[in-house]
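1. Structure for this input, please:
(one chain, ligands or ions: 1)
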Amino acid sequence: MMHCYATRTRDTQGIIMADDTLLDRALTRLEEAASHLQIDQDVIEKLKYPRETTKTRLLIRMDDGSRKSFLAWRCRYDDTRGPTKGGIRFHPDSTIEEVETLAFWMTCKCAVMNLPYGGGKGAVRVDPHGLSKTELERLSRAYVQAFANTIGPDRDIPAPDVYTNAMIMGWMADEYNQITGQVSPAVITGKPIALGGSLGRNDATARGGFYLVRHLAAELGLDNDHTVAIQGFGNAGQFYARLTAEDGNTVVAVSDSAGAIYRAGGLDVEKLIAGKNAGRHVADMAAEQGADIIAAEDLIGIEADLLVPAALEDMITKENAGSIKAKVVLELANGPITPDADKILNDAGVIVLPDILANAGGVTVSYFEWVQNRQGYYWDLEEIHAKLLKIVEREGKAIWDIAKERNVSVRSAAYIHALGRLSTAIEAHGTQPFFAG
Ligand code: NAD
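-> Numbering: from 1, shown residues only. Below is the predicted model:
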């Protein structure tokens with residue numbers, strides 16, 4: 001068995017590194033997957049550290065004439081399988097460790113879906129709600145000026161993440177074009193459609209998860225009219241609610257940061273989405289939905305067949321995992337279940353469809369956007385949906401079969417699947433037996 005976690009606490013120069021960081025915990029998944037595969041130690045040596053992480057400060061002019069500087073990072077974790085791919089997050093709590101962990105997850109996610117990409121991620125430590133629109137544009141353009149040599153259509157391709165959106169991607173692509181003197185829409189994905197964005201990108205994350213659940217429904221023990229509770233009612237949560245309700249299932253509970261509502265007979269999803277778009281919280285709509293208001297943290301313990309975490313990281317912990325009554329958890333959010341909680345759920349027989357598979361529909365349609373930009377020919381929505389369906393069903397079934405054959409969790413199976421592809425690529429450059437030979 002390869003011990004990437006154990007060895008990581010001391011680097012190759014013998015310098016002791018911090019124990020139990022977010023990245024260390026993420027790497028334990030890799031260690032477990034490695035124990036199921038015959039792979040060379042070179043593979044782990046390559047994957048246990050990010051290839052490069054660049055830190056800089058973005059200095060922008062504020063509307064009141066003052067200058068302000070913001071910390072920013074871009075991590076290219078591993079590019080063995082192709083240019084690195086991953087979003088840019090604007091968040092006041094962003095850290096280098098979070099950026100590197102998210103870039104590691106992107107490396108695995110792209111391998112899971114067999115996209116020709118490595119993994120990357122970027123962030124700016126900022127509360128974007130405290131900026132005016134012109135300040136936000138200056139900050140977005142400053143990010144590209146700082147990382148113009150890092151990103152590129154064949155090197156590192158950003159996308160939106162938490163608190164960044166299509167308009168920000170449009171500003172960033174435009175800045176890159178001005179710097180290079182060329183029009184390169186493929187440098188960034190998640191752009192507005194008018195600037196080379198893809199049809200179907202807005203609901204792609206939820207749609208990928210929805211296709212996955214529908215494809216595996218029989219194996220998961222979910223009927224055609226199962227009940228669903230959704231934590232987080234933003235982009236991923238709302239689109240999932242719509243797709244599953246249209247398919248005949250019943251959404252019984254939803255939450256946002258201000259509270260949760262529950263109605264055993266089902267909620268009116270379209271009215272909830274309309275209310276959210278008008279700036280209301282879900283709890284404000286309880287009366288008109290005939291629903292009960294519950295505490296946001298109580299949503300995960302609701303009586304429902306399927307629980308969909310679609311909010312933030314670390315929402316299901318060892319303190320609350322025991323309250324989950326759902327048979328299946330679909331991780332639309334990245335990292336919503338801590339490793340301790342994951343073990344509790346596994347022991348209780350709850351099937352977790354892991355983030356690197358469950359929410360990979362988003363990066364898959366981002367990949368379609370990049371392909372369309374490069375070929376200069378655009379697909380219609382039916383083609384996008386058909387291509388996404390094919391990939392989700394193919395990889396979802398392969399991972400399900402690994403889980404059954406090896407008697408491991410679906411999460412472990414997803415990492416085994418990803419590591420198999422990553423190791424084949426890394427080993428293709430030659431391994432120790434070849435060079436020592
Ligand atoms: P979003 O900002 O649109 O929505 C997040 C929602 O979570 C909001 O409704 C917010 O009110 C809610 N929330 C915050 N704290 C909460 C709490 N304590 N309890 C309940 N709800 C809470 O974000 P999004 O784009 O939907 O992303 C959600 C998750 O999905 C993130 O983990 C993100 O990384 C992941 N994800 C999103 C995409 C995508 O394409 N949008 C792709 C892959 C992964």
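2. For the stretch 151-300 of the chain, what lies in contact range of the ligand?
-> Proximity of the stretch 151-300 of the chain to the ligand is confined to 162, 205, 231-237, 255-257, 296 under the rule Cβ under 6 Å from any ligand atom. Quick note: C-beta positions are derived from backbone N, CA and C, even for glycine.
3. Among these, which are located in strands?
-> Judged by DSSP state E, strands contain the following of these: 231, 255, 256.
4. What is the nearest of those residues to residue 337?
-> The closest of those to residue 337 turns out to be residue 231 (Cβ to Cβ; 11.3 Å).
5. How many residues are close by the closest residue to residue 115 other than its chain neighbours?
-> In space, not counting the residues next to it along the chain, residue 115 is nearest to residue 367; the distance is 4.8 Å by Cβ to Cβ, 6 or more residues apart in numbering. Using other Cβ atoms under 10 Å, residue 367 has 25 neighbouring residues.
6. Same question for the one 4 residues further on.
-> Other residues within reach of residue 371 by the criterion other Cβ under 10 Å amount to 16.
7. Could you say which helix or strand holds it?
-> Secondary-structure assignment from DSSP states H and E places residue 371 in helix 361-375.
8. any chance you could map the helices in the stretch 201-350 of the chain?
-> Secondary structure of the stretch 201-350 of the chain, counting by DSSP state H, counting those that start in this stretch: helices at 204-220, 235-246, 269-277, 286-289, 339-347.
9. just how off-centre is the last one within its chain?
-> Just to be clear, that refers to helix 339-347. Computed by Cα atoms, centre = their mean, to the nearest Å, the separation of helix 339-347 from the middle of its chain amounts to 20 Å.
10. Tell me the helices and strands packed up against the following helix or strand past that helix.
-> Heading C-terminal from helix 339-347, the first helix or strand you meet, by DSSP H and E, is strand 351-353. Helices and strands in packing contact with strand 351-353 are listed as helix 204-220, strand 328-330, helix 339-347, helix 410-427; criterion 3 or more Cβ pairs under 8 Å, 6 or more residues apart in numbering; DSSP states H and E.
11. May I have the very next helix or strand once past the last one exported as CSV, CA atoms only?
-> When you say that, I think you mean helix 410-427. Scanning the chain past helix 410-427 towards its C-terminal end, the next helix or strand to appear is helix 432-436 (assignment: DSSP H and E). Output of helix 432-436 as CSV, limited to C-alpha atoms (Å, rounded to 0.1, in the frame of the first residue of the first chain):
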residue,chain,number,x,y,z
GLN,A,432,11.6,3.5,-11.9
PRO,A,433,11.9,-0.1,-13.2
PHE,A,434,12.4,1.3,-16.7
PHE,A,435,15.1,3.9,-15.8
ALA,A,436,16.8,1.7,-13.2
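12. Between helix 204-220 and the helix holding residue 371, find me the angle.
-> For helix 361-375 and helix 204-220, the angle between their directions (axes from the mean of the first three to the mean of the last three Cα atoms, to 10 degrees) works out to 130 degrees.
13. I'm done for today, thanks for sticking with me.
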